[in-house]
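Colleague: Below are the sequence and a predicted model for it; my questions follow.
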Amino acid sequence: MADKRSLYSELAIEPGATPAEIDKAYRQRARAAHPDAGGSSEAFHKLSHAYAVLSDPERRKAYDETGYEGELAADDIVGRAMERIQALVVSVLESDLPFEAVDLIAPIRDTLTKQKGDIGAGIRKLEKQAKRAEAMAARFRRQTGDNVIRKALERRAADTREMAEKTRREEAVFAKAIELLADYTFDFEPPKPPEPPKAPETKPPEPPKPGAPKRTLNLVR
């Protein structure tokens, strides 16, 4: 099975295309791809799906950052993103960390970024497994009857890709959490730097006492 085409490729546009360019590309290609004009239903569906994702700013952002193409209910993803942030805030609250002296935004952002990266690595692993299953399936042949082994491997590949797509939604949630966190600041009191050590006090030499012999430097030996 070939790799999934980019949604931008479906519309024959560049990733940096403007909304107006996306609309224009869809109108031009939709006329030729429509079943009434001799196109196939599958091709028209793919074209419509690409337009639905790329014409929606939120869905396009999620697709650009994570590859997630599914529906993206704004209230749902924002709510889930805030849950991820609040879970980290609560973990600090329930610990003994001196939060008054730390900018909490930075460690929360770093943790969210790491978690998003871990999810992305998991997605890439799933996609690799799906490709291996598809490549292996293509090599199994049967002389007569159904190719049961190939079908089983193809089914496994499809299930793995479906799991990867679901995981992409979670990656999109973390991407949204990082975006939302950027609008917050945290008031903190950085610890005062230690004072430099004081130089030892030096006493001025005492003046000679009255009547005391003056010291002379004798250079003659």
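Modeller: Here it is on my side, so go on.
Colleague: ok, now how distant is Pro197 from Thr113?
Modeller: 40 Å (CB to CB, to the nearest Å). Glycine gets a C-beta too; all of them are placed from N, C-alpha and C.
Colleague: So which of these two has more stuff around it?
Modeller: Taking neighbours as other CB atoms under 10 Å, Pro197 and Thr113 compare with Thr113 leading, 15 against 6.
Colleague: close enough to count as contact, the more buried one and Ile178?
Modeller: Yes. Using CB atoms under 8 Å, Thr113 is in contact with Ile178, at 6.3 Å.
Colleague: Which parts of the protein are helices?
Modeller: Ranges of helices in the chain, per DSSP state H, are 7-10, 19-33, 41-54, 57-66, 74-93, 105-137, 148-181.
Colleague: Can you check which of those gets nearest to Asp187?
Modeller: helix 105-137 (10.5 Å; CB to CB).
Colleague: Could you check how far the residue lying closest to Asp64 once chain neighbours are set aside is from Arg132?
Modeller: Among residues not flanking Asp64 along the chain, Pro15 sits closest, at 7.1 Å (CB to CB, 6 or more residues apart in numbering). Look at Pro15 and Arg132: by CB to CB, they are 28 Å apart.
Colleague: How about Arg155?
Modeller: Distance, Arg155 to Arg132, by CB to CB: 14 Å.
Colleague: ditto for Leu153
Modeller: 9 Å.
Colleague: Thr167 too?
Modeller: Thr167 is 18 Å from Arg132, by CB to CB.
Colleague: the more surrounded of these two?
Modeller: Taking other CB under 10 Å, Thr167 and Arg132 do not tie; Thr167 has more neighbours (18 against 14).
Colleague: my guess is that one meets Leu126, correct?
Modeller: Yes. With contact defined as CB under 8 Å, Thr167 and Leu126 form a contacting pair (6.8 Å).
Colleague: Please state the backbone phi and psi of the closest residue in space to Ile149 that isn't next to it in sequence?
Modeller: Closest residue to Ile149 apart from its sequence neighbours, by CB to CB, 6+ apart: Phe140 at 4.6 Å. Taking degrees, to the nearest 10, you get phi -80, psi 130 for the backbone angles of Phe140.
Colleague: show me the contacts for Phe140.
Modeller: 147, 149-150, 153 (CB atoms under 8 Å, 6 or more residues apart in numbering).
Colleague: Most neighbours of all those, which one?
Modeller: Most crowded among the contacts of Phe140, counting by other CB under 10 Å, is Leu153 at 20 neighbours.
Colleague: OK, contacts around it?
Modeller: By CB under 8 Å, 6+ apart, the neighbours of Leu153 are 133-134, 136-137, 140.
Colleague: nearest residue to it other than its sequence neighbours?
Modeller: Per CB to CB, 6+ apart, closest to Leu153 is Ala137, 3.6 Å.
Colleague: Distance of the one you found relative to Glu201?
Modeller: 86 Å.
Colleague: Between those two, which is the more surrounded one?
Modeller: Ranked by neighbour count (other CB under 10 Å), Ala137 and Glu201 place Ala137 first, with 19 against 5.
Colleague: distance of the more buried one from Phe99?
Modeller: For Ala137 relative to Phe99 (CB to CB), the value is 53 Å.
Colleague: likewise Arg139?
Modeller: 57 Å.
Colleague: Out of the contacts of Phe140, which is nearest to Ala20?
Modeller: Leu153 (44.5 Å).
Colleague: That concludes my questions; thank you for your assistance.
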